[in-house]
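> coordinates only, sequence not included:
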DNA sequence: CCATTTCAGTACCGTACGGTACGGTTCGCA
DNA sequence: TGCGAACCGTACCGTACGGTACTGAAATGG
């Protein structure tokens, strides 16, 4: 559950009133609980105690509501950059493990899974507008954090790679493997969460074997 | 496009008549072209020149049709096991690269993407029956092929790992990274296919760095 | 105190879908 | 030739959704 402060923060850059934010929050809850099928305009209006007419005035149509939900959720996730100074082998490894755990935590969150399912379901038609949006505002964020971390590692002489994207791809693959897809397909996420720590450490260890500068 | 022989093969183990196979083929085409929204019972009946009544007689209801489509498609993908004999470092690497390319090729196929989107869209409700089915009959197949290959490599003294699943997870992650998700979200697959070869070789090279036995 | 705006609540409309029922046709079979 | 099963094509039904229109109440502002 997000705090009121986080919600207000999320509204700031999006031209959303507080009331609209509450409505979007309720819409997200409906989506998480029942999937896209449960996300009807009437259902959102009932759950949020607002009228359908207001929904259409604020968001245009159903697709506008979906876009607003993605933008709203994305703007709530803030990824703090790590201080690049004073990086040694041990602290780099620790930062990478934290990053890996955060990545797994984010990807396994209810809201993230629900929104990804929604965007994937809509990807077939209409140019996959939601998919691009999710990618741009979600993945890009965490990708930048990783890129900064990797770049700092290279600057400090701890990592060796030519193509940062390639290195990030390897890190991402080692960390996530096919867990994301399994969760998207409905595998119970609760059971696997307890293995995240060990998995993150193993992945980082492997990544450092590949890209860590030999001492 | 699949051959008639492949279709007949697919029908063999499923108790499906040839006619029903043709209908499922048409249903898959509809799903690929227009997504789940386009997969209506009336649409399938019209495209396959059969009656809705026959659809319900053969498959029970719409969910039964979806299950049949997944089972039908899965039974068409046959993964030939590799001869485990005469494995040296060079041939193991070659086999791994072939496996990696095949994996990327399968995951980027229209039908695979459409079925994964379908199962993911239905994952929220109803216990994710389709998701389990897709995982069991699709991923399990290629997973066994990889497991056999890895085991053969270990038997030949070329690979070193304790946990085969962990090694396979690393291989899968290095090969696929986040490409699958990007394609599921609608990223144009045509553009990226040309990079598959290079990507497969890089991934295998990295995998061998991690799990290859030092000479 | 009144005028204007905003919005909840509801009723309504058109459409499209899942599922069923029925008439007509083909085909196998005795 | 007659019979029955399978099946196509279509019409039909109930429902649910997206979107619009209307009404009345609360708030806002001079």
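Thanks, I have it. Keep in mind that this is a model prediction, so the values were computed, not measured.
> only C-alpha atoms for contact and neighbour calcs from this point on.
Noted.
> residue A:146 is in contact with residue A:98, isn't it?
No - contact criterion CA atoms under 8 Å: residue A:146 and residue A:98 do not qualify, at 10.8 Å.
> skipping adjacent residues, who's closest to residue A:142 in space?
residue A:79 (6.9 Å; CA to CA, 6 or more residues apart in numbering or on different chains).
> mind checking the SS state of that neighbour?
Here residue A:79 takes the coil state, with states given by DSSP: H, G, I helix; E, B strand; the rest coil.
> tell me the contacts of the spatially most central residue of chain A?
Centroid check for chain A by CA atoms, centre = their mean gives residue A:138 as the closest residue, at 4.8 Å. Listed by CA atoms under 8 Å, 6 or more residues apart in numbering or on different chains, the contact set of residue A:138 reads residue A:74.
> tally of neighbours for the one residue in chain A that gets nearest to DNA strand C?
Proximity of chain A to DNA strand C (CA to the nearest atom of the strand) peaks at residue A:50, 3.3 Å away. Counted with other CA atoms under 10 Å in any protein chain shown, residues neighbouring residue A:50 total 15.
> how about the one 5 residues further on?
Neighbouring residues of residue A:55 were enumerated by other CA under 10 Å; the total is 20.
> for the helix or strand that contains it, packing partners?
For residue A:55, the host element (DSSP states H and E) is helix A:52-59. In terms of contacts (3 or more CA pairs under 8 Å, 6 or more residues apart in numbering or on different chains; DSSP states H and E), helix A:52-59 is packed against helix A:41-48, helix A:62-76.
> got the phi and psi for residue A:158?
Dihedral angles of residue A:158 (phi, psi; degrees, to the nearest 10) stand at phi -100, psi -20.
> please name the residues that touch it.
A:88, A:89, A:212, A:213.
> what of residue A:110?
residue A:32.
> before we move on, back to that, what about residue A:146 and residue A:98, which has more around it?
residue A:146 (25 against 16).
> could you give the mean pLDDT of the host helix or strand of the more buried one?
Using DSSP H and E, residue A:146 falls within helix A:140-155. When pLDDT is averaged over helix A:140-155, the result is 93.
> elements contacting the longest helix along chain A?
If you go by DSSP state H, chain A has its longest helix at helix A:89-107. The elements that helix A:89-107 packs onto, with contact taken as 3+ CA pairs under 8 Å, 6+ apart, are helix A:140-155, helix A:164-176, helix A:196-211.
> export the ones you listed as a markdown table, with columns for distance to residue B:151.
Formatted as a markdown table, those follow (distance: least, CA to CA, whole Å):
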| stretch | distance to residue B:151 |
| --- | --- |
| helix A:140-155 | 34 |
| helix A:164-176 | 20 |
| helix A:196-211 | 20 |
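> quick revisit: ranking the contacts of residue A:158 by neighbours, who comes first?
residue A:212 (19 neighbours).
> pLDDT value on that one, please?
97.
> ok, it touching residue A:156?
No - when contacts are counted by CA under 8 Å, residue A:212 is not listed as touching residue A:156 (11.3 Å).
> got any ranges where chain A has weak pLDDT?
Low-confidence segments of chain A (pLDDT under 70): A:1-14, A:80-85, A:215.
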